[in-house]
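Trainee: Build me a model:
(one chain, ligands or ions: 3)
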Amino acid sequence: MLKTKDTVLEINQIVKEFENGKDSKLTACNNVSLCFEKGKTLGIIGESGCGKSTLMKIIMNLEEPTSGEILYNGEDITKLKGEKLRQHRRHIQMVFQDPTTAFNPKMKVKDIICEPLLNFGLIKKNQKEEVAKKYLEMVELPAEFMDRYPHNMSGGQRQRIGIARALVLNPEILILDESTSALDVSIQKNIIDLIKKIQKDRNLTIGFVCHDIALISECSHMVAVMYLGNIVEIIPSHKLGNFAMHPYTKTLMDAVFDLNMDFSKKIDMLDNDISTKIDNVNACPFRDRCNCSIDVCSRKMPQLKKITDDHYVACHLDFTV
Ligand SMILES: Nc1ncnc2c1ncn2[C@@H]1O[C@H](COP(=O)(O)OP(=O)(O)O)[C@@H](O)[C@H]1O
Ligand code: SF4
Ligand SMILES: [Mg+2]
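Mentor: Ligands and ions are numbered 1, 2, ... in the order given. Next up is the predicted model:
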């Protein structure tokens, strides 16, 4: 995926290996390169265990990559340390899947929302109510909620507080890692609508991580499909229905079937289980589950090939028309 004038975050060949027992390694991210564009949502889709959260943690400086770089304003943020890292954290914020565990249960909503600002010395304690009111309004919750505790709220309301807290430092990039996955379908839809509205108002760049391709295509501009640590396809979301080319993306799309977004429908998993590690770098990681595999697939790892300016596929099949 090529860098453009609108690129705000550039992920270059990120590799993340974890120790997996005594002598073996598990490659959670394998040479991942992606670009986040200003004001747009990059969706990252893939089954559980394919490396999505690891990649997001590296972007958030919560994990160190084994190799590769992440450029923000020309600087490799994976190398930041100390006060520079602390200051940088304001620019990229994250909403966690389960805000119940992310919040201190003894803190009131106004304290939860204002804590990042207080930590950075950006407001005084007597400004908390004013700030909490503004951000509660932004996430469409009544001002009275500022004196509540998180356990006195519904899952959807808590997730709105999570969004408010993440945005209070005015980040340029917001990472949503399965942030709506635990919610009921109708509540999930409301939160997605809210996020889209906030994105428009603030020209916010979003990384939206999810295992549900219907949801991803509903709220992303570009979609990166991840399989066993590898990006196998990058495609504009509006092309997913008719132009997805990678056999894995097509399987995910077939599972959704109705592109009119039935939010209650989850991806049907493929027949065989996802294996837990990349065992052969000289082969396509999808070969064991692929119905289209050819001889070369077990000998050579396919690299991302440009199909059009905004569409890339890593597969040995010939897609020329
Ligand atoms: N801290 C860790 N130590 C060892 N293995 C890990 C660690 N974090 C993640 N993994 C492994 O890396 C792979 C990718 O995990 P993850 O990034 O959480 O996937 P996803 O978010 O797509 O479900 C999984 O096999 C997982 O078990
Ligand atoms: S490279 Fe081969 S095995 Fe991999 S997705 Fe393409 S056809 Fe299937
Ligand atoms: Mg995850």
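Trainee: what sits against the residue nearest to H151 when sequence neighbours are not counted?
Mentor: With Cβ to Cβ, 6 or more residues apart in numbering as the criterion, H151 has its nearest non-adjacent residue at 5.9 Å, and that residue is P105. Any C-beta I mention is one placed from the backbone N, CA and C, and that applies to glycine too. Applying Cβ atoms under 8 Å, 6 or more residues apart in numbering, we find P105 in contact with 149-151.
Trainee: List buried members of those by neighbour count.
Mentor: Buried members of these, scored by 16 or more other Cβ atoms under 10 Å, are P150.
Trainee: Mind listing what's buried along stretch 48-63?
Mentor: For stretch 48-63, the neighbour count (16+ other Cβ under 10 Å) marks 49-61, 63 as buried.
Trainee: got the end-to-end distance for that stretch?
Mentor: Using Cα to Cα, to the nearest Å, the end-to-end distance of stretch 48-63 comes to 18 Å.
Trainee: does that stretch come close to ligand 1?
Mentor: Yes. Using Cβ under 6 Å from any ligand atom, stretch 48-63 reaches ligand 1 at 48-54.
Trainee: out of those residues, who's nearest T7?
Mentor: The closest of the residues of stretch 48-63 next to ligand 1 to T7 turns out to be K52 (Cβ to Cβ; 20.4 Å).
Trainee: distance of that closest one from G207?
Mentor: Distance of K52 to G207, given as Cβ to Cβ, to the nearest Å: 10 Å.
Trainee: got any residues that touch both of those two?
Mentor: Going by Cβ under 8 Å, 6+ apart, residues that sit against K52 and also against G207 are I44.
Trainee: Strands along this protein, start to end?
Mentor: Remark: strands assigned in the chain by DSSP state E are 7-19, 25-37, 41-45, 67-72, 75-76, 92-95, 173-177, 205-210, 222-227, 230-236, 305-308, 311-313.
Trainee: Just the CA atoms of the first one, as CSV, please.
Mentor: In this case it means strand 7-19. Extracted C-alpha coordinates of strand 7-19, given in CSV (Å, rounded to 0.1, in the frame of the first residue of the first chain):
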residue,chain,number,x,y,z
THR,A,7,-0.8,9.4,4.9
VAL,A,8,-0.6,10.1,8.6
LEU,A,9,0.8,6.8,9.8
GLU,A,10,3.1,4.5,7.8
ILE,A,11,3.7,0.9,8.9
ASN,A,12,6.8,-0.5,7.2
GLN,A,13,7.5,-4.2,7.2
ILE,A,14,6.6,-4.8,10.8
VAL,A,15,7.6,-8.3,12.1
LYS,A,16,6.6,-9.5,15.6
GLU,A,17,7.8,-12.8,16.8
PHE,A,18,6.9,-14.3,20.2
GLU,A,19,8.7,-17.1,21.9
